[in-house]
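Enquirer: Here is a sequence with its predicted model. Questions after.
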There are 2 protein chains.
Amino acid sequence: MSKTRILIADDHALVREGVAALLQLQDDMEVVGEACDGRDALRLTAKLKPDIVLMDIAMPGLGGLEATTEIKKTMPEIRILILSQYDDREYISRLLKAGVSGYILKHAVGTDLVSAIRAVARGEFYLYSGIASSVVDGFLDKEQALSVDPYEKLTDREKQVLKLIAEGNTHKEIAQLLDISTKTVIAHQTHLSEKLDIHSRADLIKFAIRRGIIKI
Amino acid sequence: MSKTRILIADDHALVREGVAALLQLQDDMEVVGEACDGRDALRLTAKLKPDIVLMDIAMPGLGGLEATTEIKKTMPEIRILILSQYDDREYISRLLKAGVSGYILKHAVGTDLVSAIRAVARGEFYLYSGIASSVVDGFLDKEQALSVDPYEKLTDREKQVLKLIAEGNTHKEIAQLLDISTKTVIAHQTHLSEKLDIHSRADLIKFAIRRGIIKI
DNA sequence: TCGGCCTTTGCCCTCGCGGATGATCGCCTT
DNA sequence: AAGGCGATCATCCGCGAGGGCAAAGGCCGA
């Protein structure tokens, strides 16, 4: 019997090593590599061809969702299990659209993670307890479930403005940094807020943190 | 030779178990318990009397700093090693004031953590590489190093308002929730912003996240 | 009893936020 | 050539943010 080959992608080395240590205790699992961000995850996935990638969402640079999309584009047979710090219920449908095979929280215990990996290895979906019901709601709203990630619909300039807003800059400060008018900054923010359907600075900040767009 | 007895306090079960698995690999260390928040850490520390408490800062309810202060008050012989997700350099002096014996980041690798625990067990201070220089700066500014945690100087009402602001509520919404005038809300915010020396909503939100005051 | 702190509120002011609407310019695709 | 889209900037307007100033009532310790 061959072991399930696992790649762990998380920006916290201690979490990577700790989870790897937990999984190595299982005789049907083998951690073949560790990636510290989405770019690293892409590179190592192509190189190591693991069975499952255990992926955090909030990582610097290339985030977990973007990395998932890229991996599924070129290597659709590789299964992705999301290991998130946040209970992003309304976000799961987009992850499913990107092709992930499961979603588990860091609040879960080790046996949950082992169960999740075995389920995904068998080709099943895994959803951490308490999340399942929201996914049912998600399937009821199929239009939304099939929509693409709104963040990907942002232009480069809008992503740039989002990052600067989330970092706490005022419109005037952003205008000076980008050498444009404050009115243009506001226009970009208006557009990106509509695309993301997030209409307060506080929620923009939290969105950016969850997505790994800014560090705190 | 007796093993170093360690209590792990972190609100993420997978992180607790993973780090515990790493530490159990060392034959001079023994994880005697796991706590999921500051209150739990207090209770288990009193019950288990570990040599070292490995403590996260951002935990729901009672945070890591508050728990550290309480533990040091009644059990000063127990050493605390902070395991933080964030590089809160300007915050370290207050942790030192509270009596911690070390500070390490989740970005660190397992061997760093093992070294840190051994150093703390020997009675030394441990500071994760790259942080040491800022601590030198901290000692240069002894007045600040000896100051108390500004958050503790906030009144209950101010802490309440801080939480509601960080959650993204407007002044009017907070006024309605607390059944007071918006002017009073602003007065509370003015006072707490002065005490914390944080003068933008964005930074208040990030402060609240780092301290575990709000969830995201 | 007095002073200090907490909580509350008001008025005034400036500044920033953010939506609606409209416009120009350039690039790219059809 | 025509249309779509992104980036730029503008005006108008209502509302929120936040500082300054003043002050009243309650509670508690000296």
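Expert: In hand now; what should we look at? What you are looking at is a predicted structure, and each value in this text was computed from that prediction instead of being measured.

Enquirer: residues near residue A:190, how many?
Expert: The number of residues packed around residue A:190, counting by other C-beta atoms under 10 Å in any protein chain shown, is 12. C-beta coordinates here come from the backbone N, C-alpha and C atoms, glycine included.

Enquirer: quick one: buried residues of the helix or strand that contains it?
Expert: With secondary structure defined by DSSP states H and E, residue A:190 is part of helix A:182-196. Taking 16 or more other C-beta atoms under 10 Å in any protein chain shown as the basis for neighbour counts, the residues of helix A:182-196 that come out buried are A:185, A:188-189, A:191-193, A:195-196.

Enquirer: okay, those residues in TSV with distance to residue B:42 and pLDDT next?
Expert: Conversion of the buried residues of helix A:182-196 to TSV gives the following (distance: C-beta to C-beta, whole Å; pLDDT from 0 to 100):
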residue	distance to residue B:42	pLDDT
A:185	47	93
A:188	48	92
A:189	44	93
A:191	49	90
A:192	44	92
A:193	43	91
A:195	46	88
A:196	41	89
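
Enquirer: Mind giving me the packing neighbours of the helix or strand that contains residue A:93?
Expert: Secondary structure here is read from DSSP H and E; on that basis residue A:93 sits in helix A:92-98. For helix A:92-98, the elements it packs on are helix A:64-74, helix A:132-140, helix A:142-145, judged by 3 or more C-beta pairs under 8 Å, 6 or more residues apart in numbering or on different chains; DSSP states H and E.

Enquirer: For stretch A:195-214, C-alpha coordinates in PDB please.
Expert: These are the backbone C-alpha positions of stretch A:195-214, laid out as PDB (Å, rounded to 0.1, in the frame of the first residue of the first chain):
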ATOM      1  CA  LYS A 195     -16.900  44.400  -7.200                       C
ATOM      2  CA  LEU A 196     -16.200  42.900  -3.700                       C
ATOM      3  CA  ASP A 197     -19.500  44.000  -2.300                       C
ATOM      4  CA  ILE A 198     -17.600  45.400   0.800                       C
ATOM      5  CA  HIS A 199     -18.600  48.900   1.600                       C
ATOM      6  CA  SER A 200     -16.700  49.900   4.800                       C
ATOM      7  CA  ARG A 201     -13.000  50.400   5.400                       C
ATOM      8  CA  ALA A 202     -13.200  48.100   8.400                       C
ATOM      9  CA  ASP A 203     -14.500  45.200   6.400                       C
ATOM     10  CA  LEU A 204     -12.000  46.000   3.600                       C
ATOM     11  CA  ILE A 205      -9.200  45.700   6.200                       C
ATOM     12  CA  LYS A 206     -10.500  42.400   7.400                       C
ATOM     13  CA  PHE A 207     -10.900  41.100   3.900                       C
ATOM     14  CA  ALA A 208      -7.300  42.000   3.100                       C
ATOM     15  CA  ILE A 209      -6.000  40.300   6.300                       C
ATOM     16  CA  ARG A 210      -8.000  37.100   5.600                       C
ATOM     17  CA  ARG A 211      -6.600  37.000   2.000                       C
ATOM     18  CA  GLY A 212      -3.100  37.700   3.100                       C
ATOM     19  CA  ILE A 213      -3.000  41.000   1.100                       C
ATOM     20  CA  ILE A 214      -1.600  42.800   4.100                       C
END
